[in-house]
Structures are given as C-alpha cells and as structure tokens.
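K.L.:
Sequence first, then the predicted structure:
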Amino acid sequence: QKEVEQNSGPLSVPEGAIASLNCTYSDRGSQSFFWYRQYSGKSPELIMFIYSNGDKEDGRFTAQLNKASQYVSLLIRDSQPSDSATYLCAVNIAQRTGRRALTFGSGTRLQVQP
Amino acid sequence: ETGVTQTPRHLVMGMTNKKSLKCEQHLGHNAMYWYKQSAKKPLELMFVYSLEERVENNSVPSRFSPECPNSSHLFLHLHTLQPEDSALYLCASSQDPGGGSPLHFGNGTRLTVT
C-alpha cells in the first residue's frame, strides 16, 4: 500500500462546476495534511493545510479531513480554467528513523473545460 | 530576496562530472529539504536538515551528498551520476522539521545527466 494515494486523473470538470479531489493515507498517527498545486514545469505551491477533523474553507477551496477513515479531500468551487493543474496531497508520515516528514501523493491532474 | 531560491535553474552534466546545487532560504525557517521529482513519479524525499543537523536520509545513493553549513543554506553535491538521476530537484524549507508546518519550495533545478 502506498503511503499517500491519489487518483492520477485526469479529472475533467466544466468551468463553474465543483471539482472534488481525494487522498488517502496509510499512517494512522499522521496529524498534518496539506494540498499543493503544481503547474506544468513549476514548483508546488501551497493551497491549504488542515490539522483537525472536519472542514476548513478558504475562498473557493475547502479541505475536508476524516482521520478515522484516513481520508482528506479538496473541493474547488466555481472551477476556472486557471485551476487546471496537478494537485498534490502531502501528509506527515513517519519515516524509517521514526521522525515524521511530509510525504507526497503522485498527484491528480485537474482539467477545467471552458 | 524573498522565499527560497535555487541555482542553477537548469543543469546538464556528464556521468563523470561533479557539480553542486545551491539553495538559500530567506524565511527564517529551521528545516531545509531536498526532494526529487521524476517524470510520472511522486515527489520523493531525499534529505532533511533541522538546524544544520541531518535528521533524515531517505536511502539516497552516496553519489548525492548534501551539505548544510547554516540554517539558511543547503547544497546538494553530485558526482558520477546516472542517466536515471535526471529529474527536477526541489529544495524546500519549513518552520517544523517534523512535517507539522507547510513546505515552501524553491523553483527547482532541472537536471539532465548525459
């Protein structure tokens, strides 16, 4: 089982729709969860982070966390063509040393159709 | 300068060359990281430094040698690389080395090994 799993996509949604991106993780002790956006040829940029169960909203973005199900999601409302990018889920997973570090999923490619 | 800066942006090297990647962070963070991003693979954690001490080496081959002379600077020394080492190398910094705070990425170095 991969430590952080995402559907690679592409996820295609029409402009103005809600895009729903999902992520599952293997480490029950993880406490910190992040969503990054990466445009082609660019480095990842932080969109949101969430630490507690439930929803966290920031503008058009909502992060949802369910630790019991080991599941975190990102909703993008009123999707725009400029939202077309790869979305990376990152979770603080215990490494071989026992210390935690951010481990990334393979990303979901989102395409917003005008 | 602000944020995290990486040089060079692009690097082409032969398998027998020795080169170094440089990273500098201007955010006052305590931790610095090297990640590798290959085509169609998730971001892979390579090294973590916390206050200049290496706290994580994620089974990286010895042909990659990190150096952290102070909390603002990080280097990745490269020697006798293989073509499969061609990738985007990303430097990042954060306040918390345990994955509890967001990573801020530099623009990356696109490395091609010929």
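P.N.:
Yes, it's here.
K.L.:
Close to chain B: what parts of chain A are there?
P.N.:
A:4, A:31-32, A:34, A:42-46, A:49, A:88, A:90-93, A:95-97, A:99-107 (Cβ under 8 Å from any Cβ of the partner chain). From N, CA and C alone the C-beta is placed, and that goes for glycine too.
K.L.:
could you redo the last one with a cut-off of 6 Å?
P.N.:
Neighbours of chain B within chain A, by Cβ under 6 Å from any Cβ of the partner chain: A:32, A:34, A:43-44, A:46, A:49, A:92, A:95, A:99-102, A:104-106.
K.L.:
can you pull out the strands in chain A?
P.N.:
For chain A, strands defined by DSSP state E occupy the ranges A:4-5, A:11-14, A:19-25, A:33-38, A:45-50, A:54-58, A:61-66, A:71-76, A:85-94, A:100-104, A:108-113.
K.L.:
now those in JSON lines, with mean pLDDT?
P.N.:
Output for these, formatted as JSON lines (pLDDT from 0 to 100):
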{"stretch": "strand A:4-5", "mean pLDDT": "96"}
{"stretch": "strand A:11-14", "mean pLDDT": "97"}
{"stretch": "strand A:19-25", "mean pLDDT": "97"}
{"stretch": "strand A:33-38", "mean pLDDT": "97"}
{"stretch": "strand A:45-50", "mean pLDDT": "96"}
{"stretch": "strand A:54-58", "mean pLDDT": "96"}
{"stretch": "strand A:61-66", "mean pLDDT": "97"}
{"stretch": "strand A:71-76", "mean pLDDT": "98"}
{"stretch": "strand A:85-94", "mean pLDDT": "95"}
{"stretch": "strand A:100-104", "mean pLDDT": "91"}
{"stretch": "strand A:108-113", "mean pLDDT": "97"}
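K.L.:
For chain B, what is the nearest residue in chain A?
P.N.:
Nearest to chain B, among the residues of chain A, is A:Asn92, at 2.8 Å (Cβ to the nearest Cβ).
K.L.:
Without its sequence neighbours, what residue ends up closest to that residue?
P.N.:
Distance criterion Cβ to Cβ, 6 or more residues apart in numbering or on different chains; nearest residue to A:Asn92, sequence neighbours excluded, is B:Gly99 at 2.8 Å.
K.L.:
And for B:Ser38?
P.N.:
B:Ala87 (4.4 Å).
K.L.:
which element follows the strand or helix carrying B:Tyr35 toward the C-terminus?
P.N.:
Take DSSP states H and E as the rule and B:Tyr35 turns out to sit in strand B:31-37. Downstream of strand B:31-37, the next assigned helix or strand under DSSP H and E is strand B:44-50.
K.L.:
and the following helix or strand past that next one, which strands flank it?
P.N.:
Heading C-terminal from strand B:44-50, the first helix or strand you meet, by DSSP H and E, is strand B:53-57. Partner strands for strand B:53-57, per DSSP bridges, with pairing direction: strand B:44-50 (antiparallel).
K.L.:
Please export the C-alpha coordinates of stretch A:26-34 as PDB.
P.N.:
The C-alpha trace of stretch A:26-34 is given here as PDB (Å, rounded to 0.1, in the frame of the first residue of the first chain):
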ATOM      1  CA  SER A  26      -1.700   4.800   5.500                       C
ATOM      2  CA  ASP A  27      -0.200   6.200   8.700                       C
ATOM      3  CA  ARG A  28      -2.900   6.500  11.500                       C
ATOM      4  CA  GLY A  29      -0.600   8.700  13.500                       C
ATOM      5  CA  SER A  30      -0.400  11.500  10.900                       C
ATOM      6  CA  GLN A  31      -1.600  14.900  12.100                       C
ATOM      7  CA  SER A  32      -0.800  17.400   9.400                       C
ATOM      8  CA  PHE A  33      -2.300  17.400   5.900                       C
ATOM      9  CA  PHE A  34      -1.500  19.800   3.000                       C
END
